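1. quick one, structure for this:
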Amino acid sequence: MTLYETSIRVKHECPYRKISEQHPDLIIREWPLSDCQVLEITSETTPTEELLDDISQIGTVLHESKGTEGYHIVTQSCLCSLEQSIIDRFEKHNCLYQSPTIYRQGWEHYTVVAFDSEDIRDLLDDLRSDREIELLSKASISETQIPHSMLAPADQLFETITDRQLAALQLALERGYYEQPRKTSLRDLADQTAVARSTYEEHLRKAENKLLTNAGQYLRLVTATSTADPLQVEKTRRTERAAD
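-> Modelled structure (predicted):
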């Protein structure tokens, strides 16, 4: 089956148009989740006080770093700015939206995948009716080329995980619990919370189990086109080397 991947850029009044126009080297990447937006903001130059003030108006800062490679910040904000979103129009015309949306120099950049070229044409006509739009690319792709990021939306991966379980998982990630070798222990992690070790471990294990369960269906899709099991291939190679 043939699919159609299309990239467009759009200019109209949106929450991030002003800041991206005033700071042309700024790049904003937006991921909409179930109840909020996560924004990754990067700049190759040292941020000015004006820029920092503008960013502080966007939402809650989750991460911030400055170095030789530039300025990097991650924020979280509410979904109020997504009311009557352009993404609703994608769905109206049977087009699959691929995160993230990229904002740069006053333009919004989107990539969508459609099952029918007429859906793409109807979508472009709809958007041109009330905003400036440019078609950047349009290509035919096979169904096996659908980006894996489209198969696993973040809000579905974290679906059913409670706030306490997410907090336990985030703490473990930030403290290096999953690195090799581990930089911390369950006891040390629990000591940084207000709950007992057994309670913290229960929250963490439930978060891990739910995350893996939710990801399992996408894992099967990602590996569906593989012609060989790499673990079995390695076993065969070891057997052959032993025989030699």
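2. low pLDDT regions in this structure?
-> Low-confidence segments of the chain (pLDDT under 70): 1, 34-35, 69, 78-84, 142-157, 216-244.
3. need the phi and psi values for Thr48.
-> phi -80, psi 170 (degrees, to the nearest 10).
4. ok, the one 3 residues further on next?
-> With angles defined as degrees, to the nearest 10, Leu51 sits at phi -60, psi -40.
5. hmm, it is touching His23, no?
-> Yes. Contact criterion C-beta atoms under 8 Å: Leu51 and His23 qualify, at 5.5 Å. For every residue, glycine as well, the C-beta is placed using N, CA and C.
6. quick check: neighbours shared by those two?
-> Residues touching both Leu51 and His23 (C-beta atoms under 8 Å, 6 or more residues apart in numbering) are Ser43.
7. report the beta-bridge partners for the residue nearest the centre of the chain.
-> The structure's the chain has its C-alpha centroid closest to Trp31; by C-alpha atoms, centre = their mean the separation is 5.2 Å. Note on Trp31: beta-bridge partners by DSSP bridges are Val38.
8. let's number from 278 now, not from 1
-> Understood, numbering begins at 278; the last thing we discussed is Trp308.
9. residue contacts, it?
-> Trp308 makes contact with Gln314, Val315, Leu316, Glu317, Ser376, Pro377, Ala431, according to C-beta under 8 Å, 6+ apart.
10. which residue, other than its chain neighbours, is closest to the fourth one?
-> Taking C-beta to C-beta, 6 or more residues apart in numbering, and ignoring the residues beside it in sequence, Glu317 has Arg306 as its nearest neighbour in space, at 4.4 Å.
11. part of a strand, is that neighbour?
-> Yes. Under DSSP: H, G, I helix; E, B strand; the rest coil, Arg306 falls within a strand.
12. was I right about it contacting Pro377?
-> Yes. Arg306 is within contact range of Pro377, at 4.1 Å (criterion: C-beta under 8 Å).
13. common neighbours of these two, please.
-> Here Arg306 and Pro377 have Glu317 as joint contacts, going by C-beta under 8 Å, 6+ apart.
14. contact partners for Ile397?
-> The contact partners of Ile397, by C-beta under 8 Å, 6+ apart, come to Tyr281, Thr283, His370, Cys372, Val389, Ala391, Lys415.
15. which element is it on?
-> helix 394-405 (DSSP states H and E).
16. partner strands of the helix or strand that that helix is followed by, parallel or antiparallel?
-> On the C-terminal side of helix 394-405, the closest following helix or strand by DSSP H and E is strand 409-419. Next to strand 409-419 in the sheet, as set by DSSP bridges, lie strand 279-288 (antiparallel).
17. now what about the next helix or strand after the strand it pairs with, what contacts it?
-> Using DSSP H and E, the helix or strand that follows strand 279-288 in sequence is helix 294-299. With contacts defined as C-beta under 8 Å, 6+ apart, helix 294-299 is touched by 288, 303, 305, 327-328, 331-332, 335, 380-385.
18. show me which of the residues you listed are buried.
-> Buried members of the contacts of helix 294-299, scored by 16 or more other C-beta atoms under 10 Å, are Leu303, Ile305, Leu328, Asp331, Ile332, Ile335, Tyr380, Arg381, Gly383, Trp384, Glu385.
19. show me what the helix or strand encompassing the fifth one is packed against.
-> In other words, Ile332. According to DSSP H and E, Ile332 maps onto helix 326-333. Here helix 326-333 touches helix 294-299, going by 3 or more C-beta pairs under 8 Å, 6 or more residues apart in numbering; DSSP states H and E.
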